[in-house]
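Undergrad: quick one, structure for this:
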Amino acid sequence: MTSSRPPVRETRPATPRVRDTAQVRPATEGWTQKKDAEGRPLLQFASPKRGKPPVHLADLTPVERVSKVKELGMPGFRAKQLEKHYFHHWTHDPAEMTDLPAAGRDEFVHGMLPPLLTEVRRLETDRGDTIKFLWKLHDGALVESVLMRYPGRITLCVSSQAGCGMNCPFCATGQAGLTRNMSAAEIVEQVVRANRLIADGGLGDPRRVGHEGERVTNIVFMGMGEPLANYARLMQAVRVMVDKEHGLGMSARGITVSTVGLVPAITKLAHEDIPVTFALSLHAPDDQLRDELIPVNSRWKVDEALDAARAYFEKTGRRVSIEYALIKDMNDHAWRADLLAEKLNSRGRGWVHVNPIPLNPTPGSIWTASERDVQDEFVRRLNDAGIPTTLRDTRGKEIDGACGQLVATEEDQAVAAATPLET
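TA: A predicted model of the protein is given here:
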């Protein structure tokens, strides 16, 4: 009796495929990578000097807020009222704060909650489940954040810098260079504005898609900027996000801090006693390629970054994420998957999860995402080696809102120039 099943086709040849030996070298097209006097990719760690944003409630500790309120001629308990309005009702409109005395209310609220972000434009995709915001800061600098609804959660991808100084050639934000660090309040304001939009039904009718009282549940510091290069303001923002009495009251486990590998800052983060999720943007397991893909690798090599990531796990007990943009014929070779698995397993089991993501196209780049079968093979090899690996979703690609795509275009700049700052 013959079987009706089709013959089994071998999909995992034992010998390396031709594409496994092909190697595209990093190159740029349509833009010139900034380099130092020795011809190495330029790294900007220090923020360029620009006018500082006004001091805001979210920049201050709870004690400092009481002092500032008193400086403005109000009793200290008014600080608690402002916290409730801003962090729980997501408003900085004095007209909505009827529990404050009418006399001098506008001046007082403006002094504690000065306007920080002006919405320039808003783009939607994924049937309204993904929204990208373009914000103008007080000095005209432009940043973006992306709001995404998933089953059971709402995630906001926030920016921590205007631009980025890490100069990674496959990232649109890196091509733009660093404009300046964002203040803690400018970071937090992205969350507050997103929460207000959700409450107003801007991410779909809560009665239809969720429930009353919905808000952002997850934060990923994967927008514009290198978060750990703006360490002090990043941590103040995180403290405000997780503070249940004086802040947004979010879970630290729902906050992901990403970095390209600033090792001393990773070590510092591990000792903050705030169990955020830590993500290392690796993108290559070998120094030869990573030196070119991630210029900061010239300071701290692959093994140093992985050692710091492992130490983060040991200190916090929080599993580390490895981010890996799969680029066709650049870093997607099967042997690199094997090398990555070897390096991760040599540091133990159960401490790490790998998130490959197909490269998102950016203006001026000659690179593209890996082919589907190559992606699948890369993921299979890691999983077979005992490394939990999940191919990440590419939300927001159609509106240039996916990972690596956030950058202010010439059109954005023109629209922003015509948009007056909020007052």
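
Undergrad: contacting residues around the nearest residue to residue 199 once chain neighbours are set aside?
TA: Leaving aside its chain neighbours, residue 199 sits nearest to residue 90 (6.4 Å; criterion: C-beta to C-beta, 6 or more residues apart in numbering). Quick note: C-beta positions are derived from backbone N, CA and C, even for glycine. Going by C-beta atoms under 8 Å, 6 or more residues apart in numbering, residue 90 touches 192-193, 195-196, 199.

Undergrad: same check on residue 65?
TA: Applying C-beta under 8 Å, 6+ apart, the residues near residue 65 are 57, 79, 82-83, 112, 246.

Undergrad: recalculate using a threshold of 7 Å.
TA: 57, 79 (C-beta atoms under 7 Å, 6 or more residues apart in numbering).

Undergrad: likewise for residue 188?
TA: If you count contacts by C-beta under 7 Å, 6+ apart, residue 188 has them with 58, 237, 240-241.

Undergrad: where neighbours are concerned, which of those residues has the most?
TA: Using other C-beta atoms under 10 Å as the neighbour test, the contacts of residue 188 are led by residue 237, with 31 neighbours.

Undergrad: what does the helix or strand hosting it rub up against?
TA: In this assignment (DSSP states H and E), residue 237 forms part of helix 231-242. Helix 231-242 is contacted by residues 58-59, 160, 181-184, 187-188, 191, 219, 227, 247-248, 250, 252, 255, 265, 268, 272, 274, 276 when judged by C-beta under 7 Å, 6+ apart.

Undergrad: could you list the buried residues of that helix?
TA: Going by neighbour count (16 or more other C-beta atoms under 10 Å), the buried part of helix 231-242 is 231, 233-242.

Undergrad: please apply the same query to stretch 331-345.
TA: 331-334, 336-338, 340-341, 343-344.

Undergrad: what about it, average pLDDT?
TA: Averaged across stretch 331-345, pLDDT comes to 97.

Undergrad: can I have it written out in PDB, keeping just the CAs?
TA: Provided in PDB are the C-alpha atoms of stretch 331-345 (Å, rounded to 0.1, in the frame of the first residue of the first chain):
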ATOM      1  CA  ASN A 331      24.900  39.600   9.400                       C
ATOM      2  CA  ASP A 332      22.400  36.800   8.700                       C
ATOM      3  CA  HIS A 333      24.700  34.000   8.000                       C
ATOM      4  CA  ALA A 334      24.100  30.600   9.600                       C
ATOM      5  CA  TRP A 335      27.600  30.500  11.100                       C
ATOM      6  CA  ARG A 336      26.900  33.800  12.900                       C
ATOM      7  CA  ALA A 337      23.700  32.300  14.400                       C
ATOM      8  CA  ASP A 338      25.900  29.400  15.600                       C
ATOM      9  CA  LEU A 339      28.600  31.800  17.000                       C
ATOM     10  CA  LEU A 340      25.900  33.900  18.800                       C
ATOM     11  CA  ALA A 341      24.500  30.700  20.400                       C
ATOM     12  CA  GLU A 342      28.000  29.600  21.400                       C
ATOM     13  CA  LYS A 343      28.700  33.000  23.100                       C
ATOM     14  CA  LEU A 344      25.400  33.100  24.900                       C
ATOM     15  CA  ASN A 345      25.500  29.500  26.100                       C
END
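
Undergrad: hmm, who's touching that stretch?
TA: With contacts defined as C-beta under 7 Å, 6+ apart, stretch 331-345 is touched by 16, 20, 283-286, 289, 293, 306, 326, 352, 370, 374, 377-378, 381-382, 385-387.

Undergrad: could you give the backbone dihedrals for the nearest residue to residue 271 once chain neighbours are set aside?
TA: Spatially, and ignoring its direct neighbours in sequence, residue 271 is nearest to residue 315 (6.7 Å; C-beta to C-beta, 6+ apart). Phi and psi for residue 315, reported as degrees, to the nearest 10, are phi -80, psi -40.

Undergrad: so which of the contacts of residue 90 comes closest to residue 139?
TA: residue 193 (18.3 Å; C-beta to C-beta).

Undergrad: need the pLDDT of that closest one.
TA: pLDDT for residue 193: 98.

Undergrad: for residue 134, same thing?
TA: Listed pLDDT for residue 134 reads 95.

Undergrad: look at it and give its secondary structure.
TA: Using DSSP: H, G, I helix; E, B strand; the rest coil, the structure places residue 134 in strand.

Undergrad: wait, what's in contact with it?
TA: Applying C-beta under 7 Å, 6+ apart, the residues near residue 134 are 120-121, 142, 144, 412.

Undergrad: same thing with residue 379?
TA: Shown in contact with residue 379 (C-beta under 7 Å, 6+ apart): 356, 389, 391.

Undergrad: and the residue lying closest to residue 60 once chain neighbours are set aside, what are its phi and psi?
TA: Distance criterion C-beta to C-beta, 6+ apart; nearest residue to residue 60, sequence neighbours excluded, is residue 68 at 6.2 Å. Residue 68 adopts backbone torsions of phi -70, psi -40, taken as degrees, to the nearest 10.

Undergrad: quick one: the strands in this structure, in order.
TA: Listed in chain order, the strands of the chain (DSSP state E) span residues 118-125, 130-136, 142-150, 153-157, 161-163, 178-181, 218-221, 255-259, 277-281, 320-326, 352-358.

Undergrad: ranking the ones you listed by burial, who's on top?
TA: Comparing the strands of the chain by mean neighbour count (mean count of other C-beta atoms under 10 Å), strand 161-163 ranks first with a mean of 27.

Undergrad: tell me the one of the contacts of residue 188 nearest residue 422?
TA: Nearest to residue 422 among the contacts of residue 188, with distances taken as C-beta to C-beta, is residue 58, at 16.3 Å.
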